[in-house]
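[1] here you go, sequence then predicted model.
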Amino acid sequence: MRLNVLLLTGAMIISQVLSGMNYYLNDLTTFQDVLNEAASNGENDTIFIEAGTFVVESTYQYASAEDHSLSIIGDVMMNTKLDGASSVQILHVSATFPQAHVMLRNLVFQNGMSTENGGGILLDGDAANINMEHCHFLNNEAGNLGGGLNGGTNSGQITLENCLFQGNSSGNDGGGLNLGSESGTINLVNCEFLANMASGDDAGGAFLYMGGDNGVINAGNNYFEGNESADDGGGLMLYYLGANVEANVTENSFVNNVAGLNGGGSYLRITSSGTVNFSDNSYNGNLCNTGNGGGCHIELHNVDMAFQENSFVSNAVENDGAGAFIEHFDGSLDCHHNTFTQNIANRNGGAIHIYSEQGSVLFYRNITDSNLAENVGGAFNVASTTGSFSIYHNTFYGDQALNDGGTIYFYGESGALATVYNSVFWSQSLPAIAFSGGIAVGMTYCDVEGGNGQPWFGTGCIEDDPLFVDAVAGDFHLTELSPCIDSGDPESPPDPDGTPADMGALSFDQSGQAIEQTMELGTGYQFVSTYVIPNEPEMMMVVEELLESSLGFIRNTEGSMFQKIGPNWVNGIGDWNALEGYLFYMNEADMLTVEGEQIDYQTPIMLSSGYQFISYLPDEPVDAIMALENILNENLNFVRDSEGSMLHKIGPNWVNNIGNLNPGEGYLIKMNNPDELIYNVD
């Protein structure tokens, strides 16, 4: 498929392939000529530039006059360097036709300078796509927008992946990068922004702008460190003017960025409607000098947002919301599984500030640890006009406010409502919560240090040490003796392990916890079973406490025995099986305690034709008709208990003379045909 034409012209090789024209340059003496030719030759063009550092004396220009693409590719080891010598913009690309896509790869743009936009590169597009992969922008400067790169399209897609922006500066927005679109898609993925500066306005690292409706911005897995802006968004700023937009800000890291006004790490603003996924981001050591949102500042209008699994550590702010500041005018805000540690606000909301004018806010499964507000709301500052806040299953620890509301301060008008439940407030300055204005605040089923006697300390609230694993080290799991276990609102959904709701952000998992089951054994014969899988299942270990005198023997369904022969106990059964029942003969009454993991009562038990001993798996008594509901058919003949009482069929009806099936008891069952038993307790 390869060469129709091969031309060697000094520093350039030209090859024509079926997919378009390829140009191979070992220096830039003919680069402008190639760009001119590529703009109008009716081909998809690819320009390969060999390794080298090339000083640019005047801006290279490409203005596409056709519907074909341009790719410029450098050395794979990132040794193709275009140097503007701090005097010229390096490259200006304009591609207005729908298929006039532009792709740049493996190129370094350094020391470029423009008095206007794009110190390194200026890219203009319409419906065409712009893609940049593995490009570095180093020490470029723009008087206005985009110190390293300024680019935009109307409806095309812009994608930057695995790019580095370091030491760039702008006099206005986007010290490292400024990208804009009207209604297209912007993707910023796996890029690094280090020590860039927007000296006159917003976004020290990257400014991403969407001017029209239906636009999408995806910013994922990027790293921002040491960037600075004069105004908003020290590291990153996303700004939307249109309706029905989408923002996905995920898995980014923001470290030691500084904003002169709002959003030390990042700033997000949506002026109309849309959706936001803001998740798995980390903010560490960011600073906001005069405004709000030391870590992030978010301003939303009619927007639904998921704000989840983000972490905020050691961020600081002059005003409110050292970790996060969120203005949410309408829509829903789902804020969960975030952590806030040692953030400091000079005013309110050491961890987070949320204002919701008339929206709905869910705040749950969050952890705050040792945050400080020098006025009110050591962890959380809440403000609202007619909005609603549901605050539940959170752990607040060690937060301090120098004025009021050591953990939460509520301010709202009479139409606002806040409910707090199933949460832990501990080691904070007192009182834990405070409020002003007409907002209605109710608290139930919380563990609150200093809560007793407070007017908001409602039904189910306790004041007992929650017994965390190691709060000083930041481990807020509950220990097994915690009073918060199973102490949440009984009307709340159960914890993941199926037990009643705990208080706090981290539920105590009881599913795999060792439990004890104790059974009273009478003299003579009886059927025995457990709903516990023994920690040490070997039969000798399970019944060790019975061996001195009380046990006669044990028999399983197959007739194998555990019995004493001469002076020795002989185990012909092997291990205890929690899905089976056993026939015990006791010389005298005794107690048997089995320790282990509780088995799921709905674990299937396979039933064979004929007789067998079965286990009873639920941990509560259940009527035999209900418990055995799924095998009350032609396959079952009868069930018998230790006293000889039976559940069997007389005529068309099942007759229950057993009553309840009980934990610890086993049963003899006769099957006409094989079946599968799954116990029912409802």
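    That came in fine, so what should we check first? Keep in mind that this is a model prediction, so the values were computed, not measured. Numbering: from 1, shown residues only.

[2] need the contact list for residue 90.
    If you count contacts by CB atoms under 8 Å, 6 or more residues apart in numbering, residue 90 has them with 56, 59-60, 82-84, 109, 112, 120-121, 140. (Glycine included, C-beta is placed from N, CA and C.)

[3] repeat that with 6 Å
    For residue 90, the contacting residues are 56, 82, 84, 109, 112, 120, taking CB atoms under 6 Å, 6 or more residues apart in numbering as the criterion.

[4] filter these to the buried ones?
    The neighbour count (16 or more other CB atoms under 10 Å) marks 56, 82, 84, 109, 112, 120 as buried among the contacts of residue 90.

[5] determine the longest helix present in the protein.
    helix 31-38 (DSSP state H).

[6] buried ones in it?
    Applying 16+ other CB under 10 Å to helix 31-38 flags 31, 34-35, 38 as buried.

[7] quick check: next helix or strand after it?
    Next helix or strand after helix 31-38 toward the C-terminus (DSSP states H and E): strand 45-49.

[8] what's the angle from that next one to helix 31-38?
    Strand 45-49 and helix 31-38 meet at an angle of 170 degrees, taking axes from the mean of the first three to the mean of the last three CA atoms, to 10 degrees as the criterion.

[9] now strand 45-49: how far from the chain's centre is it?
    42 Å (CA atoms, centre = their mean, to the nearest Å).

[10] pairing partners for that strand, with directions?
    Using DSSP bridges, the strands paired with strand 45-49 are strand 20-25 (parallel), strand 70-73 (parallel).

[11] I'd like to know which elements the next helix or strand after that strand is packed against.
    Next along the chain after strand 45-49, taking DSSP H and E as the criterion, comes strand 52-55. Secondary-structure packing of strand 52-55 (3 or more CB pairs under 6 Å, 6 or more residues apart in numbering; DSSP states H and E): strand 80-83.

[12] contacts for the strand it packs on?
    49, 51, 53-56, 74, 90, 107-111.

[13] on that earlier part again, out of the strands paired with strand 45-49, which is the most enclosed?
    Comparing those on average neighbours per residue, with mean count of other CB atoms under 10 Å, the densest one is strand 70-73 at a mean of 22.

[14] coming back round to it: export the buried ones among the contacts of residue 90 to TSV and tack on distance to residue 582 and pLDDT?
    As requested, the buried ones among the contacts of residue 90 are exported to TSV (distance: CB to CB, whole Å; pLDDT from 0 to 100):
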residue	distance to residue 582	pLDDT
56	88	97
82	82	98
84	86	98
109	79	98
112	83	98
120	80	98
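
[15] would you map the helices across this structure?
    Counting by DSSP H, the helices of the chain are 31-38, 539-542, 624-627.

[16] now the second one: average pLDDT?
    Going back to what we said before, that points to helix 539-542. Throughout helix 539-542, pLDDT has a mean value of 95.

[17] what does it contact?
    534, 562, 571, 573, 576.

[18] from the contacts of strand 80-83, list the buried ones, please.
    Buried subset of those (neighbour count, 16+ other CB under 10 Å): 49, 54, 56, 74, 90, 107-111.

[19] in strands, which of those fall?
    49, 54, 108-110 (DSSP state E).

[20] hang on, the earlier thing: how about the buried ones among the contacts of residue 90 in JSON lines, adding distance to residue 396?
    Conversion of the buried ones among the contacts of residue 90 to JSON lines gives the following (distance: CB to CB, whole Å):
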{"residue": "56", "distance to residue 396": "56"}
{"residue": "82", "distance to residue 396": "53"}
{"residue": "84", "distance to residue 396": "52"}
{"residue": "109", "distance to residue 396": "48"}
{"residue": "112", "distance to residue 396": "49"}
{"residue": "120", "distance to residue 396": "47"}
